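1. Give me a model of this one.
(2 chains)
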Amino acid sequence: MSSAIKKVVVVGRDADAWITALFLKQAFLSSSQLVDVCLVELSSDLAFHDFYSVLPGHQFLHKILGANELVLLNRAKGLYSFGHRYSNWSGNKPPFMLAYDRYGADFKGIDFWQYWLKALAHGLQVPLEDFSLGAVAAKAGRYVTSGSLDDDFSEVSYGYNLDAISYIKSIAKIAIKTGVRHSSGPLQDVEVEDDIIKCISLANGQKIEADFFIDASGTDAALIRHLEQDNQESWSKYFLCDQQLLSSARVLTPHPAFTQISAFNNGWAGIYPLKDNTRVAISYSSRFAESSEILDRVSIMTGLKLEAPILTTHSYGVRKKHWLGNCLAIGNTAVSVDILDSAHLHFLQVGLSLLRNLFPNSKNFVSEAKLYNDKLTKHVQGVRDYQLAHYYLNKRYGESFWDLQRSIELPESLRSRLDLFQQRGMIALIEEDVFQGSDWAGLFIGHGVIPKYYNPLVHQIPDAELMVKFQQILAHIHKEVTRIPTLESQIEINLSN
Amino acid sequence: MQKKSIKRIVIVGGGTGGWMTAAALSKTLGCQNYDITLVESEQIGTVGVGEATIPSIFLFNNVLGINEDEFVKETNATFKLGIEFVNWRKHDHSYFHPFGFMGVDMDGVAFTQYWLRWRKAGGNSEHTKFNLESQAAQARKFSRSGHEADPVSMPRVNYAFHFDAGLYAAFLRRYSETRGVKRVEGLIEQVIQDPETGYIDNLSLKNGKKIAGDFFIDCSGFRGLLIGQTLGVGYQDWSHWLPVNKAVAVPCESHGELLPYTRSTAQEYGWQWRIPLQHRTGNGYVYCDKFIADSVAADALMSRLDGKALADPRTLQFTTGMRNHCWEKNCVAIGLSSGFLEPLESTSIHLIQVAIGKLLGKFPRDEMSPVLINTFNQEMKTEYDNVKDFLIAHYKVTDREDTEFWRYVKNMSIPDSLQERLDIFKLRGEALVKQTELFKEASWFAILMGQGIDPTGYHPLADAISDDELKFRLTKIRSGIQNRLSSMQLHADFIQNNCKAVMAKNG
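-> From the prediction side, this is the model:
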């Protein structure tokens, strides 16, 4: 085909740029359609404390990238994270764990938490998370993969926390080795003709033409801003934490198997364990506090001495359209979300797999672009809602920041999801939802949303029988968790090179 | 000589060896059919200065049916998970010789072989990480384990005791006397032999008493009153291999956390022990008086205590070695009278109980069969020989050459049996230990690695499993150790909760 895409140029920096370039190169390595992938690297935004906290889907991405997980983890001083533990979000309620696993077993095809809600109404004292193998294992400091378990009771998985600079160094190395052509910015000029980028020129005088351009430059939007008008949707009315403090602290031993998210009066602090140290990210609102008082408070709360904190500002929002003409905005260029729930690299991955599926076979991109934009927008909306729910459902009464977060007007998508859950404990999912039913139910229940009614079909199982089933699940989890290896031993044996 | 059935058993000496023997005989032979007498004199001190044991003590305690907590309370005992060797390889270096196992042997190949393979491939966890007792010692923890079948998910805790030897003897004395052992107080003036056979017939005491017997057990200590002085059995001197010949001992006040292990610190001319008891700490400097004067050794010891001294230092003299044979005519030597191998690996009590066990196994009905006697003597010699080689290795394999003493031991010639062992270990990390030996592969591995032999290769069979499988198994073993470790209490707390001595007793 004469009109096929022969050359793609990625302009950007750090994870978005390197992963995109490597991803495309790998995707076309074994294809008869030769696509030249060229990366124009802009100066890095990464600083010493930067880290990537990623969802389990990142394991899959590594496979596509042809990257060995253990090698990458070793190089990036990274660790597995089996979920997030939220503490202090709801008054005196104990912390809760949102692990990457489901709850219990879905007897008769009905979501387990429905049975749990019924038992709760009858006086059950056991929290929902105790029925999740992943959550119990994470709290017990275990390392578990679903492949190492004998049955399919659990779908446990893990994400990672990675040191950003060393991680990107490793990815870049693989990318170069795989054949990504690399030149360095800065960008001088972008030539646009009929809403199509014709050519870019670099400060060193080099001119680069291509059939397709990917903007991975982040908030600069170095390419796509030349093609758009009124393409921004801001979320600042939803997300009030406009300040972010990043810092490092001593290593935690034994290493926690999860990421801890602790709320305080003006925001929250995330504890991201790495192998040799701990990264701490603090999100707060400049309307209510100064950075110095925040640091003191978080130091006291976490018991960690926070080294050389770096303050940045953060704005939340999304492009209305990510694919314009022959240019695609990816990752942080497309959407700037909260770092809560380790979702900030997720859109890079979603965008890349959408792009792979919709990779243009002609130079007329209109229908692909439309589908891409629709789908990504739905993905983004689901994640934004999930993150927003944490803030909205807080029960820290009498604190201005949190009171304000509770009073925001929810986007319709979240409003209806919450209403449905409150009414009957149900989660209706769409294809583009990243977080699954058990993630949403865990989130709502964790923050103290107890539905008015549960699914009447749970009465199919008599109470006595249900009680036995519950006990069997708890015993099974206990047995498995004692049997599986500790995270510490996994680190010692496999991550100590 | 007419066949006279053996009824009257006389034990000479009331130290650790004497009362262990009395207790074991009273329990197994019993005092209904046998007349068991122990002769001791309060004028003769015992050697026991605070004893450390090895796990084989359980066999003995089990035979006696001793309640362990009672025993610990009565003897101011603490628990012992192994020995820390400080400065033995070189200054500012220490390693641990743990009880128990190194990892879990797999498919007939010792775990240490897999560890060597893994390390060669870049793994960098110390081998001690795969031994529970080392890890627990480091964390100052102790608890007893149950009897789970699966050592991978939860390894058992192997341990022994430190106790006050005087209190231990007193404890066993009560035990023995309750079961009918007669204790006779008095100094032995003369040992009367049958003029024809040379068999010991009776003992005459200074206080005029006469004790006749059919069978005599010599627990009289270094002097070997019956076996040596009376029956003239000679002594093999091993001091060219184990040159230390004196020990100066002193108890001091407990200081710091209660450690669940013995510490052995190499010194200029020997080494110093530190044995924690509930109420005090036992200390001693074992040295060779060819290189250092007694008073200098005593001063060195007194300046290296970690608490206030509770007594004046006491010096003991000995010659490392063993009797040419331990059973002669109707007399068996048990304990120091049979030989002494210095306390470096806490083997004295073990050798006593081994001798008791072997004696009971071969106990004569009437006549002294030469077959029984020869077998016993041969077996005891093997026991001593094995322990001897193990001890010599501690001195021979070292980087130290900073004093004349260390230069001597590093360069001395050693038994061929040991030389072969060191050679094969260097080649493939195994000591080719025979089943009957007291110190197993794990002990040789700990000591030889600790003293500085790093094997160049390993057993080819350890390559049989895949890298992933190996790593998975290593992870499981580490997890089991971490599981067990997190379930254990601090040593001091365990004693407080289970077996605290009623009051501080000094034996």
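
2. how many neighbours does the residue of the stretch 1-150 of chain A found nearest chain B have?
-> Closest residue of the stretch 1-150 of chain A to chain B, Cβ to the nearest Cβ: residue A:143 (7.5 Å). The way it works is simple: take the backbone N, C-alpha and C, and place the C-beta from them, glycine included. When neighbours are defined as other Cβ atoms under 10 Å in any protein chain shown, residue A:143 has 25 of them.

3. show me what contacts it?
-> A:80, A:257, A:484, A:485, A:486, A:487, A:489, A:490, B:475 (Cβ atoms under 8 Å, 6 or more residues apart in numbering or on different chains).

4. Let's see if you can find the most crowded of those.
-> Neighbour-wise, the contacts of residue A:143 (other Cβ under 10 Å) top out at residue A:487, 30 neighbours.

5. quick one: low-confidence ranges for the stretch 201-350 of chain A?
-> Residues of the stretch 201-350 of chain A meeting the criterion pLDDT under 70: none.

6. show me where it has helices.
-> With DSSP state H, counting those that start in this stretch, the ranges of helices along the stretch 201-350 of chain A come out as A:291-302, A:346-357.

7. Can you say which of these is nearest to chain B?
-> Using Cβ to the nearest Cβ, the helices of the stretch 201-350 of chain A put helix A:291-302 closest to chain B, at 22.9 Å.

8. Give me the contacts around the closest one.
-> By Cβ under 8 Å, 6+ apart, helix A:291-302 touches A:243, A:245, A:247, A:249, A:262, A:264-267, A:269, A:271, A:280, A:282, A:284, A:304-306, A:309, A:311.

9. Could I have the ChimeraX command that selects the buried members from those?
-> With 16 or more other Cβ atoms under 10 Å in any protein chain shown as the burial test, the buried ones among the contacts of helix A:291-302 are selected in ChimeraX as follows:
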select /A:243,245,247,249,262,264,265,266,267,269,271,280,282,284,304,306,309
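
10. Filter the contacts of helix A:291-302 down to the ones in strands?
-> A:243, A:245, A:247, A:249, A:262, A:264, A:267, A:269, A:271, A:280, A:282, A:284, A:309, A:311 (DSSP state E).

11. So which of those is the closest to chain B?
-> Looking across the ones in strands among the contacts of helix A:291-302 and measuring by Cβ to the nearest Cβ, the closest to chain B is residue A:271, at 21.4 Å.

12. Spell out which residues of the stretch 251-400 of chain A are next to chain B.
-> Proximity of the stretch 251-400 of chain A to chain B (Cβ under 8 Å from any Cβ of the partner chain) is limited to residues residue A:254.

13. For chain B, give me its nearest residue in the stretch 251-400 of chain A.
-> For the stretch 251-400 of chain A, Cβ to the nearest Cβ, closest residue to chain B: residue A:254, 8.0 Å.

14. On the three-state scheme, residue A:458 is what?
-> Assigned with DSSP: H, G, I helix; E, B strand; the rest coil, residue A:458 falls in the helix class.

15. Not counting its neighbours along the chain, what's nearest the residue in chain A positioned nearest to chain B?
-> Chain B sits closest to residue A:489 of chain A, with a gap of 3.3 Å, by Cβ to the nearest Cβ. Using Cβ to Cβ, 6 or more residues apart in numbering or on different chains and skipping residues adjacent in sequence, the residue nearest residue A:489 is residue B:478, 3.3 Å away.

16. Sticking with that neighbour, tell me its helix or strand.
-> Per DSSP states H and E, residue B:478 falls inside helix B:467-487.

17. Can you give the strand pairings for the next helix-or-strand element following that helix, parallel or anti for each?
-> Heading C-terminal from helix B:467-487, the first helix or strand you meet, by DSSP H and E, is strand B:489-490. The strands that strand B:489-490 pairs with in its sheet are strand B:141-142 (antiparallel) (by DSSP bridges).

18. Quick check: next helix or strand after the partner strand?
-> strand B:160-163.

19. could you dump the ones in strands among the contacts of helix A:291-302 to a markdown table with distance to residue A:405?
-> Output for these, formatted as a markdown table (distance: Cβ to Cβ, whole Å):
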| residue | distance to residue A:405 |
| --- | --- |
| A:243 | 15 |
| A:245 | 19 |
| A:247 | 24 |
| A:249 | 26 |
| A:262 | 16 |
| A:264 | 13 |
| A:267 | 10 |
| A:269 | 16 |
| A:271 | 21 |
| A:280 | 21 |
| A:282 | 16 |
| A:284 | 12 |
| A:309 | 23 |
| A:311 | 21 |
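
20. Output the contacts of residue A:143 in a markdown table; the columns should cover distance to residue A:413 and secondary structure.
-> Converted to a markdown table, the contacts of residue A:143 look like this (distance: Cβ to Cβ, whole Å; DSSP: H, G, I helix; E, B strand; the rest coil):
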| residue | distance to residue A:413 | secondary structure |
| --- | --- | --- |
| A:80 | 31 | strand |
| A:257 | 32 | coil |
| A:484 | 38 | coil |
| A:485 | 41 | coil |
| A:486 | 41 | strand |
| A:487 | 36 | helix |
| A:489 | 43 | helix |
| A:490 | 39 | helix |
| B:475 | 43 | helix |
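
21. Name the nearest of these relative to residue A:450.
-> The shortest approach to residue A:450 among the contacts of residue A:143 belongs to residue A:257, at 28.0 Å (Cβ to Cβ).

22. surely that closest one meets residue A:135?
-> No - when contacts are counted by Cβ atoms under 8 Å, residue A:257 is not listed as touching residue A:135 (10.3 Å).

23. From the contact counts, what lies against the helix or strand residue B:420 falls within?
-> Element membership for residue B:420 (DSSP H and E) is helix B:416-428. Applying 3 or more Cβ pairs under 8 Å, 6 or more residues apart in numbering or on different chains; DSSP states H and E, we find helix B:416-428 packed against helix B:370-396, helix B:441-451.
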